[in-house]
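# sequence? don't have it. structure:
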Ligand code: HEM
Ligand code: HEM
């Protein structure tokens, strides 16, 4: 098996789960508008939580997959520079986003601080994913794919 035949899986996977993440963020922003900006909005809580889990678990698995592919191709961890380090940051933030989301989902009560931290962590990680599209494209260029 040639590892280069599998190169395209990781980018395609990450783009798909990042897009799902943006849909989840759009649902979350409705909640933010009602919690912090005093606007009347409907928040599909269980759809947000279900698709949010899918998006974050997908991104964590895709990031681990990229790292495993790099280990297979180049026999080392985090050898791609910024792309790899940003990936590590994304995975750590996704774990925090998942943990805070689970608390908000399972112990619902009136609060403002934790939802704000949860929202900011997840929006930051999605922004880092977009930055990583740029650096990931450089790796593909360097590989000549
Ligand atoms: C891509 C992933 C996610 C994004 C971008 C995201 C974003 C957000 C945002 C912006 C808010 C509003 C925060 C506020 O009003 O201050 C929110 C609220 C919420 N999120 Fe997420 N979220 C994600 C994943 C999850 C997950 C995985 C869960 C559950 C396991 C979850 C459960 C919740 C709940 C229950 C609320 C409402 C909190 C409340 O009403 O007090 N989210 N989310
Ligand atoms: C959600 C955004 C993304 C994250 C968090 C992410 C994360 C990672 C990580 C952690 C690695 C291992 C790096 C190392 O060990 O040095 C990696 C490898 C790689 N990434 Fe990404 N990545 C993302 C999106 C992309 C995109 C959009 C592309 C292409 C346009 C891309 C192209 C690559 C390539 C070519 C590799 C080498 C191995 C492989 O193809 O699986 N990545 N990525």
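The structure has been received and is ready for your questions. All of these numbers come straight from a predicted model, not from anything done at the bench. Ligands and ions are numbered 1, 2, ... in the order given.
# use CA for all of it now, contacts and neighbours both
Fine.
# Residue 135 - nearest residue in space that isn't next to it in sequence?
residue 83 (5.5 Å; CA to CA, 6 or more residues apart in numbering).
# no, scratch that, I was asking about residue 89
residue 125 (7.8 Å).
# if I pick the residue nearest to residue 135, what's in contact with it?
Residue 83 makes contacts with 132, 135-136, as judged by CA atoms under 8 Å, 6 or more residues apart in numbering.
# So which residues on this protein come close to ligand 1?
Residues of the chain lying near ligand 1 by CA under 6 Å from any ligand atom: 21, 24-25, 28-29, 31-32, 35, 45, 48-49, 52-53, 55-56, 98, 101-102, 104-105, 111, 115-116, 119, 122-123.
# Restricted to helices, list the contacts of residue 83.
Judged by DSSP state H, these include 132, 135-136 as members of helices.
# of all the residues you listed, which comes closest to ligand 2?
Comparing those against ligand 2 with CA to the nearest ligand atom places residue 136 closest, at 3.5 Å.
# Spatially nearest residue to that closest one, not counting backbone neighbours?
Excluding the flanking residues, the one nearest residue 136 by CA to CA, 6+ apart is residue 83, at 6.3 Å.
# do you know how far that neighbour is from ligand 1?
20 Å (CA to the nearest ligand atom, to the nearest Å).
# Look at that residue and give its secondary structure.
Put simply, residue 83 is helix when judged by DSSP: H, G, I helix; E, B strand; the rest coil.
# a markdown table for the contacts of residue 83, including pLDDT?
Putting those into a markdown table (pLDDT from 0 to 100) gives the following:
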| residue | pLDDT |
| --- | --- |
| 132 | 98 |
| 135 | 98 |
| 136 | 97 |
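# Now list the buried members of those.
132, 135-136 (16 or more other CA atoms under 10 Å).
# residues touching residue 118, list them.
Applying CA under 8 Å, 6+ apart to residue 118 gives the contacts 96-97, 100-101.
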